[in-house]
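Q: Fold the following and give me the result.
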Amino acid sequence: PERHSLEGKFLHCIGSVYLAQDKLEEALVTHKKALKIYRKTIGPASPEVGRVLADIGDVLQLQGKYDKSMKKYDEALPIRRAALGAVHSHVADTMYGISVVKFKSGDSAGALECLREAHRIYTACGTSSEISRDTAQLLATLAAEGN
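A: Take a look at the predicted model:
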């Protein structure tokens with residue numbers, strides 16, 4: 001049967017609920033279904049595809065699957081930049097996710113670089129979300145430690 005992008009949106013929302021409930025495997029499966037539908041119905045370069053790829057990266061990061069997580073973030077970032085512009089809070093969110101994976105993978109220098117880029121974007125677009133505040137706080141802590 002013909003799929004509609006709303007089905008992808010519903011699945012993406014359900015995956016987000018699973019993530020909030022810490023049901024990571026269910027979140028991953030549901031996000032992957034949403035991704036498949038989005039790619040077929042609204043195209044592989046849509047903001048929705050970028051978002052669900054980043055959300056899959058988040059889930060994989062929480063599962064400790066850092067290589068797979070980084071691949072999803074690396075796939076999401078250019079889509080989000082192209083669809084939303086380089087200075088957008090969702091691009092910064094993806095950079096923040098990449099910084100977490102780099103840090104947990106032992107790449108502190110790479111993590112710091114991504115964290116600085118995320119902070120620059122948040123500042124440029126005037127975003128004041130929990131993640132943007134966390135980014136600023138982490139950078140201040142690292143600066144106080146001499147990094």
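
Q: Let's check: the centremost residue of this structure is which one?
A: With distances taken as Cα atoms, centre = their mean, the residue of the chain nearest its centroid is residue 54 (3.3 Å).

Q: quick one: it from residue 31, how far?
A: 10 Å (Cβ to Cβ, to the nearest Å). C-beta: built from backbone N, CA, C; applies to glycine.

Q: on that earlier part again, any idea of the mean pLDDT in the helix or strand harbouring the residue nearest to the centre of the chain?
A: Residue 54 is part of helix 47-62, with elements assigned from DSSP states H and E. Per-residue pLDDT values over helix 47-62 give a mean of 97.

Q: Could I get the buried residue list for it?
A: By neighbour count, with 16 or more other Cβ atoms under 10 Å as the criterion, the buried positions of helix 47-62 are 47-61.

Q: Now do it: which elements does it pack against?
A: helix 5-20, helix 24-41, helix 66-84, helix 89-104 (3 or more Cβ pairs under 8 Å, 6 or more residues apart in numbering; DSSP states H and E).

Q: elements contacting the second one?
A: Read it as helix 24-41. Where contact means 3+ Cβ pairs under 8 Å, 6+ apart, helix 24-41 is packed against helix 5-20, helix 47-62.

Q: could I get those as a markdown table with distance to residue 86?
A: Formatted as a markdown table, the entries for the helices and strands packed on helix 24-41 read as follows, by distance: least, Cβ to Cβ, whole Å:
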| stretch | distance to residue 86 |
| --- | --- |
| helix 5-20 | 24 |
| helix 47-62 | 13 |
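
Q: Thanks again, I'm all set now.
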